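Colleague: Pasting a predicted model and its sequence here:
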Amino acid sequence: MLRGDRIEATNERFVELLGYDATASDVGEVIADWRGGTELTAPYEATLRCPDGDSLAVEVRGRSLSDGRVVVSVRDARELLAGREA
């Protein structure tokens, strides 16, 4: 969940993917290819920046709420990308 460019809340799965709780972080520091905006309904591929220096391919989409916050969905894209390479 975002308010502006700040991550306001995360779920347990996002914390597992990233390796830490990114609440209060700037979304652009966490999602390297962040496109911004409030309507991200078309999914796109991006990269999570993990604290250990690794990166993780993800699929990102989102939608805006009436109060200005944005719900962002981040999905592990490793299987998706592996399927394309096969």
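Modeller: Structure received.
Colleague: So what does residue 78 look like in phi/psi?
Modeller: phi -60, psi -40 (degrees, to the nearest 10).
Colleague: residues touching the closest residue to it other than its chain neighbours, list them.
Modeller: Closest residue to residue 78 apart from its sequence neighbours, by Cβ to Cβ, 6 or more residues apart in numbering: residue 57 at 5.8 Å. C-beta: built from backbone N, CA, C; applies to glycine. Going by Cβ atoms under 8 Å, 6 or more residues apart in numbering, residue 57 touches 45, 46, 47, 76, 77, 78, 81.
Colleague: Identify the residues contacting the residue most central in space within the chain.
Modeller: Residue closest to the average C-alpha location in the chain (Cα atoms, centre = their mean): residue 74, at 4.3 Å. Shown in contact with residue 74 (Cβ under 8 Å, 6+ apart): 14, 17, 31, 48, 58, 59, 60.
Colleague: Make a ChimeraX selection of whichever of the contacts of residue 57 turn out to be buried.
Modeller: Entered in ChimeraX, the line below selects the buried ones among the contacts of residue 57, by 16 or more other Cβ atoms under 10 Å:
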select :46,47,77
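Colleague: Columns distance to residue 70 and pLDDT on top of the contacts of residue 57, output as CSV?
Modeller: Shown next, in CSV, are those (distance: Cβ to Cβ, whole Å; pLDDT from 0 to 100):
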residue, distance to residue 70, pLDDT
45, 18, 91
46, 15, 93
47, 19, 95
76, 20, 93
77, 20, 91
78, 24, 79
81, 25, 61
